[in-house]
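Provided below are the primary sequence and the corresponding predicted coordinates.
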Amino acid sequence: MTPRRTAFVDARQMAVLHAAAFERPWDEAGFEGLLKAFNVFGRMIDGQGFILCRAVADEAEILTLAVAPAARRQGVARALVEAAVDGAAARGVESLFLEVASDNAAALALYASTGFEPAGLRAAYYASGADALVMRRTLNS
Ligand SMILES: CC(C)(COP(=O)(O)OP(=O)(O)OC[C@H]1O[C@@H](n2cnc3c(N)ncnc32)[C@H](O)[C@@H]1OP(=O)(O)O)[C@@H](O)C(=O)NCCC(=O)NCCS
């Protein structure tokens with residue numbers, strides 16, 4: 001299970017995977033817009049999942065991470081996160097951030113087990129009313 005780098009042509013597959021993972025899906029055009037940006041990078045395991053990140057100077061954030069329901073609990077997300085960390089480190093990133101809904105138990109467990117630590121809270125951040133937990137992983141330089 002080796003994630004590959006994402007490319008502009010992945011926008012459609014990303015939209016399909018995203019729609020299967022989130023109540024408010026991002027469409028193909030939205031992904032195309034993101035993938036055009038020089039500072040957006042991602043990793044994909046075809047048909048199973050992807051992660052998309054944006055770097056700014058020595059920081060980066062995970063924009064989204066989605067794994068197909070049928071591919072879950074097999075280490076796909078863990079592999080994607082670690083591949084994104086490698087990609088971020090190669091860009092000179094020192095801290096990788098993310099926001100996760102405080103009621104998303106699966107994602108919270110994933111991020112805790114991949115070295116992310118709480119770095120802040122955004123109250124009632126999501127449309128559902130859930131808080132967003134900001135998490136950070138410091139990368140080895
Ligand atoms: C969260 C998500 C990305 C996890 O993907 P996944 O490929 O199933 O995760 P992995 O198999 O790599 O799991 C890695 C670790 O995360 C934790 N984890 C993952 N899913 C979990 C669940 N449903 N319940 C509890 N812990 C879970 C476990 O610690 C797991 O390690 P283990 O299997 O050895 O116990 C997936 O459930 C998903 O796409 N959810 C919908 C979209 C989403 O919430 N994205 C993240 C938004 S911030």
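Received the coordinates, thanks.

Tell me which stretches of this structure form strands.
Using DSSP state E, the strands found in the chain span residues 4-5, 40-45, 49-56, 59-67, 95-101, 117-122, 132-138.

can you list contacts of the fourth one?
In other words, strand 59-67. Applying CB atoms under 8 Å, 6 or more residues apart in numbering, the contact partners of strand 59-67 are 14, 17-18, 20-22, 26, 34, 40, 48-54, 76-77, 80-81, 84, 88, 91, 93-99, 107. From N, CA and C alone the C-beta is placed, and that goes for glycine too.

could I get the strands of the chain as CSV with mean pLDDT?
Below are the strands of the chain laid out as CSV (pLDDT from 0 to 100):
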stretch, mean pLDDT
strand 4-5, 98
strand 40-45, 98
strand 49-56, 98
strand 59-67, 98
strand 95-101, 97
strand 117-122, 97
strand 132-138, 98
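
how about the ones you listed in TSV, adding mean neighbour count and distance to residue 30?
Output for the strands of the chain, formatted as TSV (neighbours: other CB atoms under 10 Å; distance: least, CB to CB, whole Å):
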stretch	mean neighbour count	distance to residue 30
strand 4-5	12	20
strand 40-45	22	12
strand 49-56	22	11
strand 59-67	21	10
strand 95-101	19	17
strand 117-122	12	22
strand 132-138	18	20
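
now the ones you listed in JSON lines, with distance to the ligand?
Putting those into JSON lines (distance: least, CB to the nearest ligand atom, whole Å) gives the following:
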{"stretch": "strand 4-5", "distance to the ligand": "16"}
{"stretch": "strand 40-45", "distance to the ligand": "9"}
{"stretch": "strand 49-56", "distance to the ligand": "6"}
{"stretch": "strand 59-67", "distance to the ligand": "4"}
{"stretch": "strand 95-101", "distance to the ligand": "4"}
{"stretch": "strand 117-122", "distance to the ligand": "13"}
{"stretch": "strand 132-138", "distance to the ligand": "9"}
